[in-house]
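**Q** what's the 3D shape of this:
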Amino acid sequence: MEFIQQNLLLVAVAVVSGTLLLVLSVHRPGGSRSLTTAQATILINRENAQLLDIREASEYVAGHPADAINIPVGSLDERAEELASYKDNPLILICQSGMRSSAACSKLAKLGFSRLHSLEGGVGAWAEAGLPLKKGSRK
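**A** Numbers count the residues shown, from 1 in each chain. Purely as a prediction, here's the structure:
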């Protein structure tokens, strides 16, 4: 007790930093819909999840996961009918860093899609995990 009284500031800093570390390790940046690359590949292999690349066409052509559908985030409302067959199936949204895809999940949820996920870290995390990227547009 004497140590705590004499070093109250140090104890307070330790408690606050420990609490923040615990909160940040439990809270996921992309929310509950966020997936790591490992979780995404499991979902693709086990449940035939579809990848939806929501980046602009120029970003998509520079490198994208194979078999990913490209619908830019700005066109989601107009082109949602193209995704109608995936309404009840897993749909993994991918952008460059994971920020746009998280917001796009909310947009698609309002349109009636139920099994939406956002890839943490986006295409950058996909490439960093050693997963294949295809260049060029889908023919």
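
**Q** Contacts made by stretch 81-96 with the rest, please.
**A** Contacts to stretch 81-96, defined as CB atoms under 8 Å, 6 or more residues apart in numbering, come from residues 35, 40, 43-44, 47-55, 59, 64-65, 68-69, 71, 73, 101, 104-105, 108, 112-119, 122-124, 126. For glycine as for every other residue, the C-beta is placed from the backbone atoms N, C-alpha and C.

**Q** can you tell me which of the residues you listed are in strands?
**A** If you go by DSSP state E, these have 35, 50-53, 69, 116-119 in strands.

**Q** What's the local residue count around Leu52?
**A** For Leu52, the count of nearby residues is 27 (other CB atoms under 10 Å).

**Q** Dig out what it forms beta bridges with.
**A** When bridges are called by DSSP bridges, Leu52 pairs up with Ile69, Leu93.
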